[in-house]
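# no sequence on this one, just coordinates:
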């Protein structure tokens, strides 16, 4: 994900909000970065995961709300850090202001784009952990792996294959069967 400006030209929230809405960007420490467009497999995985998680929350009459990109999350105002996770669950409704999530969501899933895997594995891992995200999954369609980072219990980088059933740690009894999701992907 290449930077779009020089380090000396850091962007603030007002400038960010005045950018055209069709820009696919994220901001890390005031620096704007382009986002890749999602692939067919990316969209399939996102839809399947969102549906599973949302159905679980609804069945339990849970307080969490699920969102998918593009939906802004402000992790920091100074310097500005705004991300648009592929999928997120926000349990604290006070963080939602109608336009965005202000502060760390409880659970984030990023689906790796082939153009910038380092972004999800290194940059976002760092920012999400330091911002207070409880659980962060990195779903890699090319490698057919899911890396679970459960920061609340310091369980980092537990890797599963796409034929695994994986527990969502922020919930007591939510399990995702990735073999079902994998069967819906293009070959």
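Yes, it's here. Just so you know, these numbers come straight off a predicted model, no measurement behind them. Numbering: from 1, shown residues only.

# could you pull out the helices for the chain?
Secondary structure of the chain (DSSP state H): helices at 13-17, 40-59, 117-118, 124-131, 178-182.

# buried sites along the second one?
What that stands for is helix 40-59. Of the residues in helix 40-59, those buried under the neighbour-count criterion (16 or more other Cβ atoms under 10 Å) are 41-42, 44-46, 48-50, 52-54, 56-57. For every residue, glycine as well, the C-beta is placed using N, CA and C.

# Count the residues that sit near residue 64.
Applying the criterion other Cβ atoms under 10 Å, we find 20 residues in the vicinity of residue 64.

# Could you do residue 39 as well?
16.

# Next up, the contacts around it.
Applying Cβ atoms under 8 Å, 6 or more residues apart in numbering, we find residue 39 in contact with 113-114, 141.

# circling back to that earlier point, so which of the helices of the chain comes closest to residue 27?
Evaluated with Cβ to Cβ, the helices of the chain place helix 13-17 nearest to residue 27, the distance being 6.1 Å.

# so residue 84 makes contact with residue 35?
Yes - checked against Cβ atoms under 8 Å, the pair residue 84 and residue 35 is within contact range at 7.0 Å.

# Mutual contacts of these two, please.
With contacts taken as Cβ under 8 Å, 6+ apart, the residues that reach both residue 84 and residue 35 are residue 26.

# which non-adjacent residue is nearest residue 82?
residue 27 (4.4 Å; Cβ to Cβ, 6 or more residues apart in numbering).

# Can you read off the pLDDT for that neighbour?
Looking at residue 27, its pLDDT reads 97.

# What residues are bridge-paired with it?
Assessed by DSSP bridges, residue 27 has beta-bridge partners residue 32, residue 82.

# okay, now it: neighbour count?
26.

# so what's it up against?
11, 16, 33, 80-83.

# Please pull out the lowest mean pLDDT helix or strand from this structure.
strand 155-161 (a mean of 89; mean pLDDT, DSSP states H and E).

# roughly how far is it from the heart of the chain?
In terms of Cα atoms, centre = their mean, to the nearest Å, the centre of strand 155-161 is set 16 Å apart from its chain centre.

# Buried residues, that strand. List them.
residue 160.

# Contacts for that strand next, please.
Contacts with strand 155-161, where a contact means Cβ under 8 Å, 6+ apart, come from 144-150, 166, 169, 178.
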